[in-house]
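Undergrad: Need coordinates for the below:
(one chain, ligands or ions: 1)
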Amino acid sequence: MSKVVLVTGSSRGIGKAIAQKFADNGYSVAVNYIQSKELAESFCRELNEKGINAKAYQADVADKQAVDNMVKQIEQDLGKIDVLVNNAGIAKQQMFQDISEEYLKRIFAVNFFGTFYCSQSVLPNMLHNKKGSIINISSIWGTRGASCESAYSSTKAAIIGFTRSLAKELAPSNIRVNCVAPGVIDTQMLEPLGKETIELLKTEMPMGRLGTPEDIAESVYFLASDAASYATGQVLLVEGAFVL
Ligand code: NAP
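TA: Coordinates of the predicted model:
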């Protein structure tokens, strides 16, 4: 039976590339989304046509009950989850004084609480199997300060603290917890910056280009795989020497 991966927020962007990478390596894939039903379902159809077991699951990762229901359904449909990738996230550039309490709560609910809830939900079976791998997606802005990103970067720093603590707690159970911190990656998340700023950013990149979702997917897959069997609690920056 093939292994099962749940990638949160995999209807598009980095999550989709991660799901594709696991599918290419024979995994059954649970594609989670919040609103892009059509994108998620057409992606799954594409995978199904190639003989890959893939199914789309709508759930707001910020809603604990919805997460628990989704995980239960995935386990019934595809089998026990071997790898969880906590990728779903939101971002908005805003001056510190303009950040509302409502938005602060929402960004923490999705980026951090979502990571927490999904990890709690998949854990009973990982503990039972004494095997599993969790990869959390942080950001370079979780490791460095970023102007106009105080809320976002706080959620991403929290994810790093969570990764390290959970890695220590779960190491005796043979469950590894790692983190990938992407740099500037060419997805819809960048759109609000506008074309001009994106072009400017490219010129500031030591590698002369933005990162691609596939760049991140390769690192996530490596950390989840047995090739990284002694790596846990690590934060891998994949950012083309932008902020070193
Ligand atoms: P994106 O293109 O905006 O895609 C976001 C994905 O997350 C979509 O699949 C979206 O689903 C899903 N999502 C959003 N809120 C959700 C929720 N509450 N519950 C479930 N799914 C939800 O973003 P991306 O650039 O691929 O980013 C993916 C991750 O990488 C995020 O955690 C982000 O913070 C991180 N990251 C990105 C960059 C970058 O430069 N792009 C850099 C560093 C870190 P729908 O399609 O249904 O809306």
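Undergrad: Do a quick rundown of the strands in this structure.
TA: For the chain, applying DSSP state E gives strands covering 4-7, 28-33, 54-58, 83-86, 132-137, 175-182, 235-238.
Undergrad: need the residues of the protein near the ligand, please.
TA: Neighbours of the ligand within the chain, by Cβ under 6 Å from any ligand atom: 8-15, 32-36, 60-62, 87-91, 110, 137, 139, 182, 184-185, 187-190. No exception for glycine: its C-beta is placed from N, CA and C like everyone else's.
Undergrad: one more time with 5 Å
TA: The chain comes close to the ligand at residues 9, 11-14, 33-36, 60-61, 87-89, 110, 137, 139, 182, 184-185, 187-189, as judged by Cβ under 5 Å from any ligand atom.
Undergrad: Can you tell me how far the residue lying farthest from the centre of the chain is from Ser121?
TA: If you look at how far each residue of the chain sits from its centre, by Cα atoms, centre = their mean, the farthest one is Gln97, at 28.4 Å. Per Cβ to Cβ, to the nearest Å, Gln97 is found 36 Å from Ser121.
Undergrad: can you check Asp226 too?
TA: Applying Cβ to Cβ to Asp226 and Ser121 gives a distance of 24 Å.
Undergrad: Between those two, which is the more surrounded one?
TA: The neighbour comparison of Asp226 against Ser121 (other Cβ atoms under 10 Å) goes to Ser121, with 22 against 6.
Undergrad: ok now do the nearest residue to Pro182 once chain neighbours are set aside, which residues does it touch?
TA: Once flanking residues are discounted, Pro182 sits nearest to Ile216: 5.0 Å by Cβ to Cβ, 6 or more residues apart in numbering. Shown in contact with Ile216 (Cβ atoms under 8 Å, 6 or more residues apart in numbering): 14, 17-18, 137, 180, 182, 185, 238.
Undergrad: try it again with 7 Å
TA: By Cβ atoms under 7 Å, 6 or more residues apart in numbering, the contact set of Ile216 is 14, 17-18, 180, 182, 185, 238.
Undergrad: same deal with Ser229?
TA: Counting by Cβ under 7 Å, 6+ apart, Ser229 touches no other residue.
Undergrad: again, but for Ala88
TA: Contacts of Ala88 by Cβ under 7 Å, 6+ apart are 8-9, 15, 32, 61, 110, 114.
Undergrad: measure Phe43 to Gln94 for me?
TA: Counting by Cβ to Cβ, the gap from Phe43 to Gln94 is 31 Å.
Undergrad: more neighbours, the two?
TA: Ranked by neighbour count (other Cβ under 10 Å), Phe43 and Gln94 place Phe43 first, with 23 against 15.
Undergrad: Check what pLDDT the more buried one gets.
TA: We have a pLDDT of 99 for Phe43.
Undergrad: How about Leu244?
TA: On the pLDDT scale, Leu244 gets 84.
Undergrad: how deep is it tucked in, by neighbour count?
TA: Applying other Cβ under 10 Å, we find 9 residues neighbouring Leu244.
Undergrad: And for Pro206?
TA: Count around Pro206 with other Cβ under 10 Å applied: 10.
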